[in-house]
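> Sharing a sequence plus its predicted fold:
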Amino acid sequence: MKNRSVLLWAVVLAVAGAAAGRAAEAPAAPQVSALAFYGYDSGLPLEVEQKELQRTDALVQYHLWYASAHDQRVPALLTIPLGVERPPVVFVQHGYGDKKEVDYVQWPTAFLVKRGYAVMSLDAQYHGERARESRQQALFNPGSSAMRDAFVQTVIDLRRAVDLLRAREDVDGSGVGYLGMSMGAMLGAVFCGVDDRPQAVCLVVGGGGLASRLAQGQVSATARENLQIIDPVHYAGLISPRPLLMINGRQDQTIPPANAQALFDGAREPKRIIWYEGGHTNPPPDKTEEWIAEFFAAHLKK
């Protein structure tokens, strides 16, 4: 990520900080009851609103609103390279406290579009255009129902976005990749676990093992259950046989290596993890761009 000021996901910080230096526990498969949280009515009308934001010789960018489950309207950006017939699409998902326009989303958007991919980015629940001051504090409460529901809603919103892409004529909605950073990586592990349509999954500075860490503290049974429902470590194994690439920092104190390793261990082949020397907000830009570009070139058909 090019941005040096990525805000921390407070829930992860609290959990992962307690996890540093402790061995990861083997993840369990998600329960059927947990998977049910991520179901939705695919027949729900999309009710898309679209506005052209910019057009150049190389690309066109749209601002979209579309209907999701639970009466939600989701704002998104869709950037499409010109001169490429029905390009595949890569989701680029922001981290905690940020929005779809943040610079570390704009950066991969730019180099992916130059390589012939369309890019879609959306605001997670209670972020960006969906921000609600009355709900922000609830997200700082580890294991709260508000945190669980916001996470689940965003995963469903991503699933609805795939429905939207498949209904368009100007992109190839059957060729979908995912790139998420920090909280976006954690959302992606769940999204791509419960939805088999993304073909290639890249998670940058993400981790897992949240529920097992909080379970070691004095928290309620409800909080532990809520974290089990959203903990990406339980869903990573469902990504296989689609390829997974993880990129993590050896000095990351927000998502310590133990939590990154827990997520990687929860995944199945084909998978790869790249460790760089650095922290949460400073993956090496040139190398990270190279790793991401090579991954999608190899695994996402054009």
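Right, received. Where do you want to start?

> Now the lengthiest helix in the chain - C-alpha only, CSV.
Scanning the chain for the helix with the most residues, using DSSP state H, yields helix 145-166. In CSV, the C-alpha atoms belonging to helix 145-166 read as follows (Å, rounded to 0.1, in the frame of the first residue of the first chain):
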residue,chain,number,x,y,z
SER,A,145,-23.5,-7.5,17.4
ALA,A,146,-23.1,-4.1,15.6
MET,A,147,-19.5,-5.1,14.6
ARG,A,148,-20.7,-8.5,13.4
ASP,A,149,-23.6,-7.1,11.5
ALA,A,150,-21.5,-4.5,9.7
PHE,A,151,-19.0,-7.1,8.7
VAL,A,152,-21.7,-9.5,7.4
GLN,A,153,-23.5,-6.7,5.6
THR,A,154,-20.3,-5.7,3.7
VAL,A,155,-19.7,-9.3,2.6
ILE,A,156,-23.2,-9.5,1.3
ASP,A,157,-22.7,-6.2,-0.4
LEU,A,158,-19.7,-7.6,-2.2
ARG,A,159,-21.7,-10.6,-3.3
ARG,A,160,-24.4,-8.3,-4.7
ALA,A,161,-21.7,-6.4,-6.5
VAL,A,162,-20.8,-9.6,-8.4
ASP,A,163,-24.5,-9.9,-9.4
LEU,A,164,-24.2,-6.4,-10.7
LEU,A,165,-21.1,-7.0,-12.7
ARG,A,166,-22.5,-10.1,-14.2
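
> give the contact list for residue 167.
46, 173 (CB atoms under 8 Å, 6 or more residues apart in numbering). Just so you know, the C-beta spots here come from the backbone N, C-alpha and C atoms, and that holds for glycine as well.

> Do me a favour and get the end-to-end distance for stretch 204-222?
29 Å (CA to CA, to the nearest Å).

> element containing residue 104, please.
Here residue 104 is covered by helix 103-114, with elements defined by DSSP states H and E.

> how about that helix as PDB, C-alpha atoms only?
This file holds the C-alpha atoms of helix 103-114, laid out as PDB (Å, rounded to 0.1, in the frame of the first residue of the first chain):
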ATOM      1  CA  ASP A 103      -5.100   6.700  -1.900                       C
ATOM      2  CA  TYR A 104      -4.100   3.100  -1.300                       C
ATOM      3  CA  VAL A 105      -7.200   2.000  -3.200                       C
ATOM      4  CA  GLN A 106      -6.500   4.600  -6.000                       C
ATOM      5  CA  TRP A 107      -2.900   3.300  -6.400                       C
ATOM      6  CA  PRO A 108      -3.700  -0.300  -7.400                       C
ATOM      7  CA  THR A 109      -6.700   0.900  -9.300                       C
ATOM      8  CA  ALA A 110      -4.400   2.900 -11.500                       C
ATOM      9  CA  PHE A 111      -1.900   0.100 -12.300                       C
ATOM     10  CA  LEU A 112      -4.600  -2.600 -12.700                       C
ATOM     11  CA  VAL A 113      -6.600  -0.400 -15.200                       C
ATOM     12  CA  LYS A 114      -3.400   0.200 -17.200                       C
END
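
> Contacts for that helix next, please.
1-3, 6, 58-59, 79-81, 90, 92-95, 98, 119, 121, 179, 181, 285, 289, 292-293, 296.

> Report the secondary structure state of the closest residue to residue 88 other than its chain neighbours.
Of all residues beyond its chain neighbours, the one nearest residue 88 is residue 175 (3.2 Å), with distances taken as CB to CB, 6 or more residues apart in numbering. At residue 175 the chain is in strand, as set by DSSP: H, G, I helix; E, B strand; the rest coil.

> residue contacts, residue 175?
Shown in contact with residue 175 (CB under 8 Å, 6+ apart): 88, 89, 199, 300, 301, 302.

> Show me the shaky parts of this structure.
For the chain, applying pLDDT under 70 flags the ranges 1-29, 31-32, 134-142, 211-218, 302.

> And the strands in the stretch 151-300 of the chain?
172-181, 198-204, 244-249, 271-276 (DSSP state E, counting those that start in this stretch).

> circling back to that earlier point, strands - which of the contacts of helix 103-114 land there?
59, 79, 80, 81, 90, 92, 93, 119, 121, 179, 181 (DSSP state E).

> Dump those residues into TSV; add distance to residue 230 and neighbour count as well.
Below are the ones in strands among the contacts of helix 103-114 laid out as TSV (distance: CB to CB, whole Å; neighbours: other CB atoms under 10 Å):
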residue	distance to residue 230	neighbour count
59	34	19
79	29	22
80	32	21
81	34	18
90	23	26
92	21	27
93	15	28
119	25	27
121	21	26
179	20	28
181	17	30
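
> ok, back up a step: which one of the contacts of residue 175 has the most neighbours?
residue 89 (28 neighbours; other CB atoms under 10 Å).

> Relative to residue 293, how far out is that residue?
15 Å (CB to CB, to the nearest Å).
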